[in-house]
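>>> requesting a structural model of the entry that follows:
(chains A, B, C and D)
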Number of protein chains: 2
Amino acid sequence: MEIKKTFKDLGLRMSKQRMAVLEFFEENKEGHFSLNEIYEKISQKNKNISFTSIYRACKLLEKLGLIRHISFEERHIHYESNLTPHLHYQCLICGKIIEESPEWLRELKKKLDIKDFLITSYRIQIHGICKECQDKYPEDIRRKLRT
Amino acid sequence: MEIKKTFKDLGLRMSKQRMAVLEFFEENKEGHFSLNEIYEKISQKNKNISFTSIYRACKLLEKLGLIRHISFEERHIHYESNLTPHLHYQCLICGKIIEESPEWLRELKKKLDIKDFLITSYRIQIHGICKECQDKYPEDIRRKLRT
DNA sequence: ATTAAACTTGAAAAAATTTTTCAACAAGAA
DNA sequence: TTCTTGTTGAAAAATTTTTTCAAGTTTAAT
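Okay, here's the model as predicted:
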């Protein structure tokens, strides 16, 4: 298992708390979760893990390039697995998120390469207005804008 | 001025506070700023504007597609002007940000288009490890990882 | 299996950031 | 100018993020 070697090389220890967070992202490759959501979901299975440990494990796993964080309209951080690059389209009005994984995304990584930088993850977020919100009457949009 | 028409159509008013924030981003097309930074910089010029107004103006301008928010290693939100698409490379270890604007970025927008979604902005963030941090001894990296 | 050294955890407090409230004010239309 | 309605500011509230430090674990060596 490659992760264990990385931990060892860096003098880090594989505690059961970190393991739980790693497993969580292995089981949840698709979604993106706030720290609280991760905490709650892990707590349902394994009671012996604190919010603080989740917080720290996520920060660590991000630095190791295993997960990445992302921020949507709600201002708190979400984390997601770093395995499947995809696009996030988010509507600025209603907040809805549409995910896409087009073919050309695979070629993009080569283009992103620059000298002297070791890429561990990348993400593309697109903002705009979804069909439903485009169709809304100005009054509805106006109300949303003020919130 | 097109923005004024948008405001009018939506029943929004062009207050001097909103104007100040708009001007701020016109004068600062390049950087990305936390709400506090925006507040402090605007306050230096124009004393009659509260943090709350900056907060609300930024949320509004983002929904109108004029600015966009972005979150780096520090977890609070930064805003940046929506005029010049560019890439952000951030080192996961030291936090340093490298910005690039390669030629091919212009063609990307067409590829991003999907049905029924009106794009107002997009951004690409790349994470990894910079040259300097790659060269560091494990001890230094280890220390950073624990922070 | 023990032990020592170093790393990690958990609970709580602290810090920082974001959001709401509501009375007073201001912009824009008539 | 006046009226209607949108906006502001200050403070409080809510939420989220981060630190602290004593106690507990992990790992490697004995």
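
>>> in the sheet, which strands lie alongside the longest strand along chain A, parallel or antiparallel?
Of all the segments assigned as strand in chain A under DSSP state E, the longest by residue count is strand A:117-130. Taking DSSP bridges as the criterion, strand A:117-130 sits next to strand A:87-91 (parallel), strand B:117-130 (antiparallel) in its sheet.

>>> out of the ones you listed, which is closest to DNA strand C?
Closest to DNA strand C of the strands paired with strand A:117-130, according to CB to the nearest atom of the strand: strand A:87-91, at 14.3 Å. Quick note: C-beta positions are derived from backbone N, CA and C, even for glycine.

>>> and that closest one, how far out from the chain middle?
Averaging C-alpha positions (CA atoms, centre = their mean, to the nearest Å) puts strand A:87-91 13 Å from its chain's average.

>>> list the buried residues of that strand.
A:87-91 (16 or more other CB atoms under 10 Å in any protein chain shown).

>>> wait, which of these is closest to residue A:141?
The closest of the buried residues of strand A:87-91 to residue A:141 turns out to be residue A:91 (CB to CB; 11.2 Å).

>>> for stretch A:46-65, buried residues please.
For stretch A:46-65, burial by neighbour count (16+ other CB under 10 Å) applies to A:49, A:53-54, A:57-65.

>>> please apply the same query to stretch A:135-143.
A:136, A:141.

>>> please see if that stretch touches DNA strand C.
No - judged by CB under 7 Å from any atom of the strand, stretch A:135-143 and DNA strand C are separated, with a smallest distance of 13.0 Å.

>>> biggest separation within the buried residues of strand A:87-91, which pair?
Top of the distance list for these (CB to CB): A:87 and A:91, 13.8 Å.

>>> element containing residue A:22?
In the assignment (DSSP states H and E), residue A:22 maps to helix A:16-27.

>>> just the CA trace of that helix, in PDB.
What follows is the C-alpha trace of helix A:16-27 in PDB, where atoms were taken according to Å, rounded to 0.1, in the frame of the first residue of the first chain:
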ATOM      1  CA  LYS A  16      -7.200   4.700  13.000                       C
ATOM      2  CA  GLN A  17      -8.700   8.200  12.700                       C
ATOM      3  CA  ARG A  18      -6.700   9.000   9.600                       C
ATOM      4  CA  MET A  19      -7.500   5.600   8.300                       C
ATOM      5  CA  ALA A  20     -11.200   6.300   8.800                       C
ATOM      6  CA  VAL A  21     -11.000   9.500   6.800                       C
ATOM      7  CA  LEU A  22      -9.000   7.700   4.000                       C
ATOM      8  CA  GLU A  23     -11.700   5.000   3.900                       C
ATOM      9  CA  PHE A  24     -14.400   7.600   3.800                       C
ATOM     10  CA  PHE A  25     -13.000   9.100   0.700                       C
ATOM     11  CA  GLU A  26     -12.400   5.700  -0.900                       C
ATOM     12  CA  GLU A  27     -16.100   4.900  -0.300                       C
END
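
>>> so that helix, near DNA strand D or not?
Yes - against DNA strand D, helix A:16-27 shows contacts by CB under 7 Å from any atom of the strand at residue A:16.

>>> report the buried residues of that helix.
If you call a residue buried by 16+ other CB under 10 Å, then helix A:16-27 has these buried ones: A:17-18, A:20-22, A:24-25.

>>> just stretch A:62-80 next, same as before
Along stretch A:62-80, the positions that meet the burial threshold by neighbour count (16+ other CB under 10 Å) are A:62-69, A:71-73, A:77-80.

>>> need the worst-confidence member of these.
Among the buried residues of stretch A:62-80, residue A:73 carries the weakest pLDDT, at 74.

>>> wait, what's in contact with that residue?
Under the criterion of CB atoms under 8 Å, 6 or more residues apart in numbering or on different chains, the neighbours of residue A:73 are A:90, A:92, A:95.
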